[in-house]
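1. Compute the structure for the input listed below.
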Amino acid sequence: MAHRAARLPDLLSAIITLSYVKLMASSYPFALAVRPARHLPERFNYSIGQPGKLKVHALHTFSSFDEAREVGKAALDQMIAQWRERETEAAGPSIW
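-> The predicted structure follows:
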């Protein structure tokens, strides 16, 4: 039973990640994943992925899923702002 319970956070993480990716796919090319830390399953970390590029991983672990999600979301928001700025600069000046 313990083995089955240990897989539950991984399954939930995968479902949350896939749901988040589907929700945000049309807005920007990043996906936030929050999951139990590999070597400390009672702690959590996050990663932010972009197709074709290396993932950005949290440097620290967090005591709860929500804490990791909040910090990851802040990092994601910063990446999105930088991405939008680059996209705007690449598009050139607008006449509107």
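
2. pretty sure residue 69 is in contact with residue 33, am I right?
-> No. Judged on C-beta atoms under 8 Å, residue 69 makes no contact with residue 33 at a distance of 10.0 Å. Placement of C-beta: from N, CA and C, glycine included.

3. Overlap in contacts, those two.
-> Residues within reach of residue 69 and of residue 33 at once, by C-beta atoms under 8 Å, 6 or more residues apart in numbering, are residue 46.

4. Roughly how far does residue 83 sit from residue 76?
-> Distance of residue 83 to residue 76, computed by C-beta to C-beta, to the nearest Å: 10 Å.

5. Kindly apply the preceding question to residue 65 instead.
-> Separation of residue 65 from residue 76 (C-beta to C-beta): 15 Å.

6. Equivalent analysis for residue 46, please.
-> Separation of residue 46 from residue 76 (C-beta to C-beta): 8 Å.

7. ditto for residue 86
-> Counting by C-beta to C-beta, the separation of residue 86 from residue 76 is 16 Å.

8. In terms of neighbours, single out the busier of the two.
-> Neighbour totals were compared for residue 86 and residue 76, and residue 76 leads with 20 against 10 (other C-beta atoms under 10 Å).

9. okay, and the common contacts of residue 46 and residue 76?
-> Here residue 46 and residue 76 have residue 32 as joint contacts, going by C-beta under 8 Å, 6+ apart.

10. quick one: low-confidence parts of the protein?
-> Within the chain, the stretches with pLDDT under 70 are 1-26, 93-96.

11. Please tell me I have it right and residue 32 contacts residue 45.
-> No. Residue 32 lies out of contact with residue 45 (C-beta under 8 Å); the separation is 11.4 Å.
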